[in-house]
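Chemist: kindly return the folded structure for what I paste below:
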Amino acid sequence: MSIRVGTAPDSWGIWFPDDPKQVSWQQCLNEMKEAGYKTLELGPWGYFPTDPIKLKEELSKRDLELIATTLMTDIVFINDFQLIYKTLDKILSLQCHFSSAKYLVLIDGMYTDLFTGDRIARKKLNDDEWNQMIANIKKIVDYVKARLDIQVVFHPHAETHVETEEEIERLLKDIDLDLCLDTGHHMYSGGDPITFIQKHKDRIKYLHLKDCNKSIREKIKENDWAFAQGVQSGVMCDPESGDVDFVQLTKTLERIQYAGEAVVEQDMYPAPADAPFKIAKQTLDYFKKIGLVE
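Modeler: Numbering: from 1, shown residues only. Sure thing, here's the model as predicted:
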């Protein structure tokens, strides 16, 4: 079995639209192509060109195909939906020019500060807050579907209100929405991505292929490190150096006849300018070696 595996700006250490610690979007696209990838996610809005003609031209000359956009925002304690709608309008106005971009990946905002680890929202929601989150997700999904024929997939993420297996199970029960399952974030949050994929194969339509080093994860817990500090310490690592069994994952995806998209992501912010290309190529070569990719 082989599935189509793309990449994302995240694997080049791109977390923000503009940051002096990040490489240029031109270097990122050039290295995606050179590493052998054919598909990609858009990443943070504003990093790549937001003019659809410009972006299409830049992707076309590198033989790259856009498959998804991303919206990460607080979906629980929303004060002004109009700000979310304005962002979605911008994203969708670009996405409608790319017939290949069939997905929007929705992620809740983190309840901790990325760099200090300070709590900026409650970790656990009460029932009313949970129900409000579900209602807000439905609003976002309905808004997207009314404007563009694409699929919204929900991405459980570390240090958000949907991170543990218990929380993901509750989400799946409460809303008719499929998942973008991130194998690294799932393990980071204490889950087993392979057994979870087996159990919920009909609800997982998109994958982020990411590894996680469990020993570093334990250090993060012991020292109460912020998520960014954990990333800088290598908790999200390249395959073969972490604890996600990608050989077994490949067998599982073959057994369930997985037919969705898959994207390599490796959190590396801030990444040395010369590091991402080598890792991205080695990762794709490894996935080819184990039969995950042609």
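Chemist: is the residue of the chain positioned farthest from its centre in a helix, a strand, or coil?
Modeler: Largest separation from the mean C-alpha position in the chain: D128, at 27.3 Å (Cα atoms, centre = their mean). At D128, secondary structure determined by DSSP: H, G, I helix; E, B strand; the rest coil is helix.
Chemist: tell me who's in contact with it.
Modeler: Applying Cβ atoms under 8 Å, 6 or more residues apart in numbering to D128 gives no contacts. Where you see a C-beta, it was placed from the backbone N, CA and C, and this is true even at glycine.
Chemist: tell me how far the residue nearest the centre of the chain lies from T69.
Modeler: Nearest residue to the geometric centre of the chain (Cα atoms, centre = their mean): H208, 5.6 Å. Separation of H208 from T69 (Cβ to Cβ, to the nearest Å) stands at 14 Å.
Chemist: before we move on, what about K251?
Modeler: Distance from K251 to T69, by Cβ to Cβ: 31 Å.
Chemist: looking at the two, which one has more neighbours?
Modeler: T69 (23 against 16; other Cβ atoms under 10 Å).
Chemist: that one bridge partners, please.
Modeler: Legend: beta-bridge partners of T69 under DSSP bridges are L104.
Chemist: so where's this protein shaky on pLDDT?
Modeler: For the chain, the stretches flagged by pLDDT under 70 are 1.
Chemist: where along it do the helices fall?
Modeler: Remark: helices assigned in the chain by DSSP state H are 25-35, 52-60, 81-95, 127-145, 165-174, 183-188, 193-199, 214-223, 227-232, 246-255, 275-289.
Chemist: list the contacts for the residue nearest to the centre of the chain?
Modeler: A8, H155, C180, L181, D182, T183, G184, H185, A262, V263, V264, E265.
Chemist: for it, give the beta-bridge partners.
Modeler: D182, V263.
Chemist: could you do V153 as well?
Modeler: V105.
Chemist: any idea how far H208 is from it?
Modeler: For V153 relative to H208 (Cβ to Cβ), the value is 10 Å.
Chemist: between these two, what contacts are shared?
Modeler: Contacts common to V153 and H208, judged by Cβ under 8 Å, 6+ apart, are C180.
Chemist: what about the residue nearest to the centre of the chain, distance to I75?
Modeler: For H208, the distance to I75 - Cβ to Cβ - is 18 Å.
Chemist: M110 now?
Modeler: 12 Å.
Chemist: okay, the two: which has more neighbours?
Modeler: Shown here are M110 and I75; by other Cβ under 10 Å, I75 has more neighbours (24 against 19).
Chemist: list the contacts of the closest residue to E129 other than its chain neighbours.
Modeler: Spatially, and ignoring its direct neighbours in sequence, E129 is nearest to V76 (6.0 Å; Cβ to Cβ, 6 or more residues apart in numbering). Taking Cβ under 8 Å, 6+ apart, we find V76 in contact with D108, A121, L125, E129, Q132, M133, N136, H161.
Chemist: okay then, goodbye and thanks.
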